[in-house]
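Participant: need a structure here:
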Amino acid sequence: MTCGRQAKRPGFGFRQRLRLMIGRETLALLGVRMEVHSDDAGFLDEFAMLFGGRQALREQERASFSVQLETESAKTGYGELQVFGDGLSEPARFLVGFSSPTVPLRLLDHSEPGWTALGLGDDPAPIFLFSNTKCFFRRVPRWRRIVSHFLFLRMLRLRKDALFFHAASIAIAGRGWLLFGPKGTGKSTTALALAARGHGFLGDETACYLPSSGELLPFRRPVGIKPGPQSAPVREALARLRPSPDEDGLVRVPIERLLPVAPAQAVPLASLFFLSGFGPRPELCQIRAGREELSCLQPIASTLVSGQATQRVFEMIRMVGSLACYRLLAGDPDETARLLEKGVESR
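Facilitator: Residues are numbered from 1 along each chain as shown. Here you go, the predicted structure:
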């Protein structure tokens, strides 16, 4: 199968093909601008639903690149993605670096010279095919979500001054807090409970920290809410809005629709919280952080594949060693929020 030749539309150059695109939109996250030309309008909606980006660029532009995405020209079950201007020379190696138990990417043997194939799990058919600047993606049922994540990670990669974490972030009395923990330990639930009490909501899934200034930047993606305990104001808002869950049972709502929140601003990072799940009552204790806490930071892989991995590790060590650190067992979300307010203020 020669996917490159079959996916091309003969006689059309890049600029001519752009004019055939259904959707053209500029999305911006954390000062990185991405101009997308797509023949699939649903793709732009999917990206914005997952990561936002449709608000006006609110800070100085740090980087920009463009994307061309085509599905109509793909006659073999693959769509074509081309990215221009982000300087990523080995996109296949970059993407396979994000392999995890939940997204098990792996390199596949591919007979055609000049092509690199990536598979997902035990599926023998490639999910991605790469050749130079071109990327072909198989149009599986969730292809929009998969391609959106790939482009999102490429956007984060361009903020080489920042550390990104799988963490929730909150601002209390002008100081930033980061909440770390595996899935299901209450990061988003606790951050939303604090936001419902009037504290600054910075983000619930992806946190951005600038080591040079010690600042925590706001990154308000649409909030992802799983079934389970929630603070009373969040439950009331969900009952009012009635958002539809996705196939995983997750609902996504912009925080501004969910709660009356003020515009988010950068704050100095002051405290780290390591969550260990839910118990009958919330428990909080201050700890002296060490290797165990360092291993719980969950940096997004683009933070460590930018060519500065050693520097990034030292920046994380300094962060853990210089900030107040706490171990938190969450309980009822509202009770947990009250405990955090009192417990940290008393120290």
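Participant: in the stretch 201-347 of the chain, which spans are strands?
Facilitator: 206-210, 215-217, 223-225, 251-253, 267-278, 283-287, 324-330 (DSSP state E, counting those that start in this stretch).
Participant: distance to L107 added to the ones you listed, as JSON lines?
Facilitator: Using the backbone N, CA and C atoms, a C-beta is placed for each residue, glycine as well. What follows is those, written out as JSON lines (distance: least, Cβ to Cβ, whole Å):
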{"stretch": "strand 206-210", "distance to L107": "27"}
{"stretch": "strand 215-217", "distance to L107": "34"}
{"stretch": "strand 223-225", "distance to L107": "30"}
{"stretch": "strand 251-253", "distance to L107": "32"}
{"stretch": "strand 267-278", "distance to L107": "34"}
{"stretch": "strand 283-287", "distance to L107": "40"}
{"stretch": "strand 324-330", "distance to L107": "38"}
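Participant: including distance to F130, mean pLDDT and mean neighbour count, could those go into TSV?
Facilitator: Listed next are these as TSV, based on distance: least, Cβ to Cβ, whole Å; pLDDT from 0 to 100; neighbours: other Cβ atoms under 10 Å:
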stretch	distance to F130	mean pLDDT	mean neighbour count
strand 206-210	25	96	23
strand 215-217	31	97	23
strand 223-225	29	93	21
strand 251-253	30	93	18
strand 267-278	37	96	19
strand 283-287	44	95	13
strand 324-330	41	96	20
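Participant: where does the chain have low pLDDT?
Facilitator: Residue ranges of the chain with pLDDT under 70: 1-22, 57, 73-75, 111, 305-307, 345-347.
Participant: buried ones in stretch 243-263?
Facilitator: By neighbour count with 16 or more other Cβ atoms under 10 Å, stretch 243-263 contains the buried residues 243, 251-253, 255, 258-259, 261.
Participant: between the strands of the stretch 201-347 of the chain, which gets nearest to H110?
Facilitator: The minimum distance between H110 and the strands of the stretch 201-347 of the chain falls on strand 206-210, with 32.3 Å, by Cβ to Cβ.
Participant: export the closest one as CSV, just CAs?
Facilitator: The C-alpha atoms that make up strand 206-210 are tabulated as CSV, following Å, rounded to 0.1, in the frame of the first residue of the first chain:
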residue,chain,number,x,y,z
THR,A,206,-3.0,20.5,32.7
ALA,A,207,-0.9,22.9,34.8
CYS,A,208,1.8,25.3,33.5
TYR,A,209,4.8,26.4,35.7
LEU,A,210,7.6,28.8,34.7
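Participant: so in that sheet, which strands flank it, and in what orientation?
Facilitator: Using DSSP bridges, the strands paired with strand 206-210 are strand 163-166 (antiparallel), strand 215-217 (antiparallel).
Participant: and the chain, what are its domain boundaries?
Facilitator: In terms of domains, the chain is parsed into 3-157, 163-345 (source: automatic domain parsing).
Participant: deepest of the ones you listed, which one?
Facilitator: Stretch with highest mean neighbour count among these: domain 163-345 (a mean of 18; mean count of other Cβ atoms under 10 Å).
Participant: for stretch 301-315, output the C-alpha coordinates as CSV.
Facilitator: Provided in CSV are the C-alpha atoms of stretch 301-315 (Å, rounded to 0.1, in the frame of the first residue of the first chain):
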residue,chain,number,x,y,z
ALA,A,301,6.2,14.1,28.2
SER,A,302,6.7,17.1,25.9
THR,A,303,8.3,18.7,29.0
LEU,A,304,11.1,16.1,28.9
VAL,A,305,11.6,15.6,25.1
SER,A,306,12.5,19.2,24.2
GLY,A,307,16.2,18.6,24.2
GLN,A,308,16.5,19.9,27.8
ALA,A,309,15.4,16.9,29.8
THR,A,310,18.3,17.1,32.3
GLN,A,311,17.6,20.8,33.0
ARG,A,312,13.9,20.0,33.4
VAL,A,313,14.6,17.3,35.9
PHE,A,314,16.8,19.7,38.0
GLU,A,315,14.0,22.3,37.8
